[in-house]
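*Asks:* I'd like to go over a predicted model; first the sequence, then the structure.
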Amino acid sequence: MESNLFHLQYAIDTFYFLVCGALVMWMAAGFAMLESGLVRAKNTTEILTKNVALFAIACIMYLVCGYAIMYGGGFFLSGIADVDVGGVLGDFASREGGFEGGSIYSAASDFFFQVVFVATAMSIVSGAVAERMKLWAFLVFAVVMTGFIYPLEGAWTWGGADVFGMYNLGDLGFSDFAGSGIVHMAGAAAALAGVLLLGARKGKYGPNGEIRAFPGANMPLAALGTFILWMGWFGFNGGSVLKLGDVASANSVAMVFLNTNTAAAGGAIAALITARAMFGKADLTMLLNGAIAGLVVITAEPSTPSALTATIWGALGGILVVLSIVTLDKLRIDDPVGAISAHGVCGLLGLLLVPFTNDGATFSGQIIGALTIFIWVFVASLVVWAILKAVMGIRVSEEDEYEGVDLSECGMEAYPEFVGGK
């Protein structure tokens, strides 16, 4: 009887992991659609190319060395063979009085679930550096980010390793349920480093401090991308429960789904109202970023808040993302899609809210963890971007930027039948 229960739980938990991983993979389409909608028409093909290519790069690099660095204690090119990917992860306890199961699932399903998180972190970088970065410089950075920078900070957090042998974030009271800091703030930190070295798009900021709007080419695509991300986030947060095959876990999954959804709704409405108060209009781009901000905030801890608390947390993210986007523009930090604000600033907010409902987390632990993640990813990324800038250049020419990177980088236009769409 216990053997049958073991096999059943193993099958359920493994299948749940795979389905949630597929949902997170679908977020790659969300990022691609959102970003292609928010950039100008002349840069659409290139950003679609980046999103497809970075996902493929992430899958290969995490297979070659990233997973081993993060969970196996290995290092460069140590290979996934150093980590058990064919057996069972988790524990199984047979005790007198009946079956008591832990987290039991195929290790291969764990790898699949983790690799799509790596791709998500890299996708965040794509939108922030859009419209003026060289395609191949970006792809080379993706190799380093997904194969080394992200896995190392992941080892210090979810992997349980000490930070350069000095301290363990978990022991300090750091908690990040599904990756507000580990995934989203990390991606934003890498993006910020690139943006600072890259500079703003030509004509974005005037000589007298004026900020010029560069409207996106396709708002329906941007809205579609946001809905795809919203849907994929159920796998992102729900899968992080790590199991489904018992009553307690099933209830936890249901609560995580509920809180994820209501936080997104709270963020969207709060951003819409904030934009109306500040600009006098219902700004669609702020509404979309508000939904994403709410999702990022709740990702740090979607299992312990009440639904009302999750809504309030999402609303705080929605307000913050509007203020952050405006502030970064004033600082002349050009982020075409608002990724640094939605994923970075709101990722930090999510981390800081965790101790309010999770007794296992401390404010000091959350702050130290956030600083560790940000400083490592930002500094490491800055070094890599600087090397790429010196060796191959990271910015297209002024002429190519004016004509659009679709033609200079990809040799084709996304909308060739339209004339004058630049």
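*Replies:* That came through fine. Being a predicted model, the structure only gives us computed values, none of them experimental.
*Asks:* element containing Gly154, please.
*Replies:* helix 150-157 (DSSP states H and E).
*Asks:* Thr309 against Leu353, yeah?
*Replies:* No - Thr309 lies out of contact with Leu353 (Cβ atoms under 8 Å); the separation is 9.0 Å. The C-beta positions use only the backbone N, C-alpha and C, and glycine is treated the same way.
*Asks:* residues in contact with the next helix or strand after the helix holding Gly154?
*Replies:* The helix or strand immediately downstream of helix 150-157 is helix 186-198, counting by DSSP H and E. With contacts defined as Cβ atoms under 8 Å, 6 or more residues apart in numbering, helix 186-198 is touched by 120-125, 127-129, 132-133, 141, 145, 149-150, 153, 333-335, 339-340, 343-345, 347, 373-374, 377-379, 381-382, 385-386, 389, 394-395.
*Asks:* try it again at 6 Å.
*Replies:* Helix 186-198 has contacts (Cβ atoms under 6 Å, 6 or more residues apart in numbering) with 121, 124-125, 128-129, 133, 145, 333, 339-340, 343-344, 373-374, 377-378, 381-382, 385, 389, 394-395.
*Asks:* now the element after it, going C-ward?
*Replies:* Heading C-terminal from helix 186-198 (DSSP H and E), you reach helix 219-238.
*Asks:* how about that next one: buried residues?
*Replies:* Buried positions in helix 219-238, judged by neighbour count with 16 or more other Cβ atoms under 10 Å: 221-226, 228-230, 232-238.
*Asks:* higher neighbour count, Thr309 and Leu353?
*Replies:* Leu353 (24 against 18; other Cβ atoms under 10 Å).
*Asks:* wasn't the more buried one part of a helix?
*Replies:* Yes - membership of Leu353 in a helix is supported by DSSP: H, G, I helix; E, B strand; the rest coil.
*Asks:* residue contacts, the spatially closest residue to it that is not a sequence neighbour?
*Replies:* Of all residues not flanking Leu353 in the chain, Trp313 sits nearest, at 5.6 Å (Cβ to Cβ, 6 or more residues apart in numbering). Each residue near Trp313 by Cβ under 6 Å, 6+ apart is listed here: Ala263, Val297, Ile298, Leu353.
*Asks:* report the buried members of these.
*Replies:* Using 16+ other Cβ under 10 Å, the buried ones in these are Ala263, Val297, Ile298, Leu353.
*Asks:* nearest to Ala178, of the residues you listed?
*Replies:* Ile298 (8.8 Å; Cβ to Cβ).
*Asks:* surely the closest one is in contact with Thr309?
*Replies:* No - taking Cβ atoms under 6 Å as the definition, Ile298 is not a contact partner of Thr309, at 9.6 Å.
*Asks:* for the residue nearest to Leu353, give its distance to Ile292.
*Replies:* Distance from Trp313 to Ile292, counting by Cβ to Cβ, to the nearest Å: 14 Å.
*Asks:* for the stretch 201-350 of the chain, which segments count as helices?
*Replies:* Along the stretch 201-350 of the chain, counting by DSSP state H, counting those that start in this stretch, helices occupy 219-238, 247-279, 284-299, 307-330, 339, 346-353.
*Asks:* can you put these in TSV and add mean pLDDT and distance to Thr44?
*Replies:* Output for the helices of the stretch 201-350 of the chain, formatted as TSV (pLDDT from 0 to 100; distance: least, Cβ to Cβ, whole Å):
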stretch	mean pLDDT	distance to Thr44
helix 219-238	98	9
helix 247-279	97	25
helix 284-299	98	16
helix 307-330	98	22
helix 339	97	17
helix 346-353	98	26
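*Asks:* let me have those in CSV, extended by distance to Leu34.
*Replies:* Formatted as CSV, those follow (distance: least, Cβ to Cβ, whole Å):
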stretch, distance to Leu34
helix 219-238, 3
helix 247-279, 14
helix 284-299, 7
helix 307-330, 14
helix 339, 9
helix 346-353, 15
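*Asks:* and of the ones you listed, who's closest to Phe418?
*Replies:* So among the helices of the stretch 201-350 of the chain, helix 219-238 is nearest, using Cβ to Cβ, at 14.5 Å.
*Asks:* and Arg332, what does it touch?
*Replies:* Ala200, Tyr205.
*Asks:* which ones are touching the residue lying closest to Trp230 once chain neighbours are set aside?
*Replies:* Closest residue in space to Trp230, ignoring its immediate chain neighbours: Ala264 at 5.5 Å, by Cβ to Cβ, 6+ apart. Going by Cβ under 6 Å, 6+ apart, Ala264 touches Trp230, Ala291, Gly294, Leu295.
*Asks:* mind checking how far Ala264 is from Val354?
*Replies:* On the measure of Cβ to Cβ, Ala264 and Val354 end up 18 Å apart.
*Asks:* one more: Gly314?
*Replies:* 14 Å.
*Asks:* between those two, which is the more surrounded one?
*Replies:* Gly314 (33 against 27).
*Asks:* shouldn't the more buried one be in contact with Gly267?
*Replies:* Yes - applying Cβ under 6 Å as the test, Gly314 and Gly267 come out as touching, 4.0 Å apart.
*Asks:* shared neighbours, those two?
*Replies:* With Cβ under 6 Å, 6+ apart as the test, Gly314 and Gly267 both reach Gly294.
*Asks:* need the phi and psi values for Asn358.
*Replies:* Torsion angles at Asn358 (phi, psi; degrees, to the nearest 10) stand at phi -110, psi 110.
*Asks:* report how many residues lie close to it.
*Replies:* 18.
*Asks:* and Leu288, how many residues sit next to it?
*Replies:* There are 28 residues near Leu288, going by other Cβ under 10 Å.
*Asks:* spatially nearest residue to it, not counting backbone neighbours?
*Replies:* Thr226 (4.4 Å).
*Asks:* right, and the one you found touches Leu287 too?
*Replies:* No - with contacts counted by Cβ under 6 Å, Thr226 stays clear of Leu287, the gap being 8.5 Å.
*Asks:* which strands and helices sit next to the lengthiest helix in the chain?
*Replies:* Criterion DSSP state H: the longest helix present in the chain is helix 2-38. Of the remaining helices and strands, those touching helix 2-38 by 3 or more Cβ pairs under 6 Å, 6 or more residues apart in numbering; DSSP states H and E are helix 44-61, strand 98-106, helix 107-128, helix 219-238.
*Asks:* out of those, deepest packed?
*Replies:* Ranked by mean neighbour count, these are led by helix 107-128 with a mean of 24 (mean count of other Cβ atoms under 10 Å).
*Asks:* average pLDDT across the helix or strand just after that helix?
*Replies:* Downstream of helix 107-128, the next assigned helix or strand under DSSP H and E is helix 135-144. Across helix 135-144, the average pLDDT comes to 98.
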